[in-house]
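# for reference, the sequence and a predicted model appear below.
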Amino acid sequence: MPKYLLSVYGPAESNEFGNYATKEDMLQAFEDTGAFNDKLVAEGYFVFADGLEPASTATVVDGQVDQPVFSDGPYLESKEYIGGFWVIEAPDLDVALRLAAEGSKACRGKVEVRPFQTEDSFRALLES
Amino acid sequence: MTEPAVEEAIIQAHRGEWARVVAALTRRFGDLDAAEDAAAEAFATAVERWPRDGVPPNPGAWLTTTATRKAIDRLRRESRRDEKHQEAQVLFDDDPVEPLGVIDDDRLRLIFTCCHPALSPDARIALTLRMVGGLTVPEIARAFLVQETAMGQRITRAKAKIKAARIPYRVPTTEDLPRRLDGVLAVLFLIFNEGYLATGAATEPVRTELTAEAIRLTRLVRELLADARGEVTGLLALMLLTEARRPARISATGELVSLDEQVRGAWDRDLIEEGHRLVRERLIAVAAGGPPPGRYQLLAAINAVHTDARDARDTDWSQVVALYDRLVRIDPSPVVALNRAVAVAELDGPAVALALVDRLPLESYHAFHATRAELLRRLGRRTEARNAYDRAIELAGNTAEAAYLTRRRSQLGAPDGK
């Protein structure tokens, strides 16, 4: 079945309660997201999901040269970064979009839906 | 058969069968690209063969069969290149053409796929005109004043997204249908409006190929969606009643003629009658307990009131304002409020209307300034009117409209106090 990456975007700067206004908001979002994850598992869509540490903890590595070059911070400077993601299996984009809308509501963030390459699309690349 | 008759048969077949052929092939091969190419090849074959062999008794079936063979030939060629795909040959065998009912349904699938909300509005319009309307890429590019290569890329990118992201080829579920149908109608209305009030300095003020295509596609959607017709019927009536006024809308000198100055005898009576018939059909359906009218039905009803008046002075303005009141309730956008204010001016006078208009956040909309200019003019505030005309002309994208506003400004007379 086709796989989709659902990335959650949030502000670069976060307060003491993650990206949430209050501690209660944060706990409620965690609870709602947990319930959404359970549903994904129960209905057979779930492949993987996790949250990320802030973008400021990222390191970019360029290994194309003799000595790998490391640089501090995320690859692109932005006001918003990926804060977490799901990998789901869904039969088509309509299902993926419906699930993304539910996930977005649960975690209180905008979600980008992006299809994974498939065997077919990869083969088309090889044949091109 | 004479050559012009064959030519006419090919044009007819293209108009009537293109969407059917693309839709049937898309379902069968699961690939818009392959369906489009094969359909184009089949029509090219018809152009070559029909003058020689005669027009087949069932052109639609002939085209679908020919296109299917072309698609299968191509798949076989491609699979021969790759031994691993030999099984594809078994999959795509040369079945007879499907019965008509299923194929009709396919056209609806095609429309919903082309108007999918995951595609950009520009891409939805271009894809619908290409895949459902059968317009060529150069035709679409010309209609929207976009470079041909750019328009080609827009369509190619949209098809690639449909394929890679797996935008499904189906009619939405009952639950999603109203919202998704709104999206389809919005695309058709955008096509119509671009034709009716074309933008661009070096272009015809009205592009009939777009208005005609929008009407044709709306008729098709209405035919296919017999169960959910209310707003589709409303949109079709709105388009017909708008199109009916086209002959009176641009003067011999290329100037837009406002509704109250139009020669009403030049309106297309057949289109008006059909539009009125559709509006009555909806009034009866709503009176019989159907769902309340949406924005297109209300806009159609407003246009029915206008086209019902033999003279602009006979217009039933209280009816128009009442319909706008209902429209404002379901669509509280400032543009609707602006149009309502124009009707209010006829009923309660320009001062009341101007007070309504001045509240609207439409600083960058040409019609806002044009409306203010007319109201200020009627109130004798000529200096302010002139400024408002200036701003409206600056913002107007349509050549005929700019010409009309320029004349109105020149007829203002001397500024205040002189």
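Received, thanks.
# helices or strands next to the strand or helix carrying B:Arg377 in the packing?
Using DSSP states H and E, B:Arg377 sits within helix B:366-378. Here helix B:366-378 touches helix B:334-348, helix B:350-357, helix B:382-395, helix B:399-410, going by 3 or more Cβ pairs under 8 Å, 6 or more residues apart in numbering or on different chains; DSSP states H and E. C-betas here are computed from N, CA, C, even on glycine.
# could I get these as TSV with mean pLDDT?
As requested, the helices and strands packed on helix B:366-378 are exported to TSV (pLDDT from 0 to 100):
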stretch	mean pLDDT
helix B:334-348	95
helix B:350-357	97
helix B:382-395	95
helix B:399-410	91
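# quick one, which of those helices gets closest to A:Met26.
helix B:334-348 (37.9 Å; Cβ to Cβ).
# by contact count, what packs against the closest one?
Packed next to helix B:334-348, using 3+ Cβ pairs under 8 Å, 6+ apart, are helix B:317-330, helix B:350-357, helix B:366-378.
# quick one, helices of the stretch 51-200 of chain B?
B:59-81, B:87-91, B:100-114, B:121-127, B:137-143, B:148-164, B:177-196 (DSSP state H, counting those that start in this stretch).
# weakest of the ones you listed in terms of mean pLDDT?
If you rank the helices of the stretch 51-200 of chain B by mean pLDDT, helix B:87-91 sits at the bottom with a mean of 44.
# near chain B, which residues of chain A are found?
A:2, A:91-94, A:96-97, A:113-115, A:121, A:127 (Cβ under 8 Å from any Cβ of the partner chain).
# name the member of these with the most neighbours.
A:Ala96 (26 neighbours; other Cβ atoms under 10 Å in any protein chain shown).
# wait, that residue sits on A:Val113?
Yes - applying Cβ atoms under 8 Å, one finds A:Ala96 in contact with A:Val113, separated by 5.3 Å.
# in whichever strand or helix holds A:Gly84, what's buried?
Element membership for A:Gly84, per DSSP H and E: strand A:80-89. Under the neighbour-count criterion of 16 or more other Cβ atoms under 10 Å in any protein chain shown, strand A:80-89 has A:81-86, A:88-89 buried.
# any chance you could list what contacts stretch B:216-233?
B:15, B:19, B:104-105, B:107-108, B:111, B:128, B:132-133, B:177-178, B:181-182, B:184-185, B:188, B:191-192, B:235-236, B:239, B:278, B:281-282, B:285, B:290-291, B:293-297 (Cβ atoms under 8 Å, 6 or more residues apart in numbering or on different chains).
# so for residue 48, what's the pLDDT?
Since you didn't name a chain, this refers to chain A. Value listed for A:Phe48 in the pLDDT field: 97.
# actually chain B
94.
# now for it, how many residues are close by?
10.
# what of B:Leu127?
27.
# distance of the closest residue to B:Ala143 other than its chain neighbours relative to chain A?
Closest residue to B:Ala143 apart from its sequence neighbours, by Cβ to Cβ, 6 or more residues apart in numbering or on different chains: B:Leu210 at 5.4 Å. Using Cβ to the nearest Cβ, to the nearest Å, B:Leu210 is found at 29 Å from chain A.
# tell me, how many residues neighbour B:Leu210?
By other Cβ under 10 Å, neighbour count at B:Leu210 equals 25.
# C-alpha coordinates for the host helix or strand of B:Leu240, PDB please?
Assigned by DSSP H and E, B:Leu240 belongs to helix B:230-243. C-alpha atoms of helix B:230-243 as PDB (Å, rounded to 0.1, in the frame of the first residue of the first chain):
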ATOM      1  CA  GLY B 230     -29.700  22.500  -7.000                       C
ATOM      2  CA  GLU B 231     -26.500  24.500  -7.200                       C
ATOM      3  CA  VAL B 232     -25.400  23.100 -10.500                       C
ATOM      4  CA  THR B 233     -28.800  24.200 -12.000                       C
ATOM      5  CA  GLY B 234     -28.300  27.600 -10.300                       C
ATOM      6  CA  LEU B 235     -24.900  28.000 -11.800                       C
ATOM      7  CA  LEU B 236     -26.100  27.000 -15.300                       C
ATOM      8  CA  ALA B 237     -29.000  29.500 -15.100                       C
ATOM      9  CA  LEU B 238     -26.600  32.200 -13.800                       C
ATOM     10  CA  MET B 239     -24.200  31.600 -16.700                       C
ATOM     11  CA  LEU B 240     -27.100  31.500 -19.300                       C
ATOM     12  CA  LEU B 241     -28.700  34.700 -18.000                       C
ATOM     13  CA  THR B 242     -25.300  36.400 -18.000                       C
ATOM     14  CA  GLU B 243     -24.300  35.100 -21.400                       C
END
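# which residues does the closest residue to B:Arg372 other than its chain neighbours contact?
Nearest residue to B:Arg372, sequence neighbours excluded (Cβ to Cβ, 6+ apart): B:Ala388, at 4.4 Å. The contact partners of B:Ala388, by Cβ under 8 Å, 6+ apart, come to B:369-370, B:372-373, B:376.
# redo that, cut-off 7 Å
The contact partners of B:Ala388, by Cβ atoms under 7 Å, 6 or more residues apart in numbering or on different chains, come to B:369, B:372-373, B:376.
# chain A: which of these is nearest?
B:His369 (35.3 Å; Cβ to the nearest Cβ).
# now the nearest residue to A:Val95 once chain neighbours are set aside: how far from A:Leu93?
Nearest residue to A:Val95, sequence neighbours excluded (Cβ to Cβ, 6+ apart): A:Tyr45, at 7.9 Å. Look at A:Tyr45 and A:Leu93: by Cβ to Cβ, to the nearest Å, they are 13 Å apart.
# now B:Ala150
B:Ala150 is 25 Å from A:Leu93, by Cβ to Cβ.
# if we can go back for a sec, dump the helices and strands packed on helix B:366-378 to JSON lines, plus distance to B:Ala38.
Formatted as JSON lines, the helices and strands packed on helix B:366-378 follow (distance: least, Cβ to Cβ, whole Å):
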{"stretch": "helix B:334-348", "distance to B:Ala38": "43"}
{"stretch": "helix B:350-357", "distance to B:Ala38": "54"}
{"stretch": "helix B:382-395", "distance to B:Ala38": "45"}
{"stretch": "helix B:399-410", "distance to B:Ala38": "40"}
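# just say which of the helices of the stretch 51-200 of chain B is most tucked in.
helix B:121-127 (a mean of 21; mean count of other Cβ atoms under 10 Å in any protein chain shown).
# so which elements touch it?
helix B:148-164, helix B:177-196 (3 or more Cβ pairs under 7 Å, 6 or more residues apart in numbering or on different chains; DSSP states H and E).
# closest to chain A out of those helices?
So among the helices and strands packed on helix B:121-127, helix B:148-164 is nearest, using Cβ to the nearest Cβ, at 5.4 Å.
# which parts of chain A are strands?
A:3-11, A:46-51, A:59-62, A:69-72, A:80-89, A:110-115 (DSSP state E).
# what strands line up against the first one, and which way round?
Each strand that strand A:3-11 pairs with, and the sense of that pairing, follows from DSSP bridges: strand A:80-89 (antiparallel), strand A:110-115 (antiparallel).
# tell me the angle of it relative to strand A:46-51?
20 degrees (axes from the mean of the first three to the mean of the last three Cα atoms, to 10 degrees).
# got a list of contacts for strand A:3-11?
Taking Cβ under 7 Å, 6+ apart as the rule, strand A:3-11 contacts A:19, A:47, A:79-90, A:96, A:100, A:103, A:107, A:109-116.
# what do you get for the fourth one?
Here strand A:69-72 makes contact (Cβ under 7 Å, 6+ apart) with A:59-62.
# sheet partners, orientation included, of it?
Looking at strand A:69-72 with DSSP bridges, its partner strands are strand A:59-62 (antiparallel).
# sweet, I'm off.
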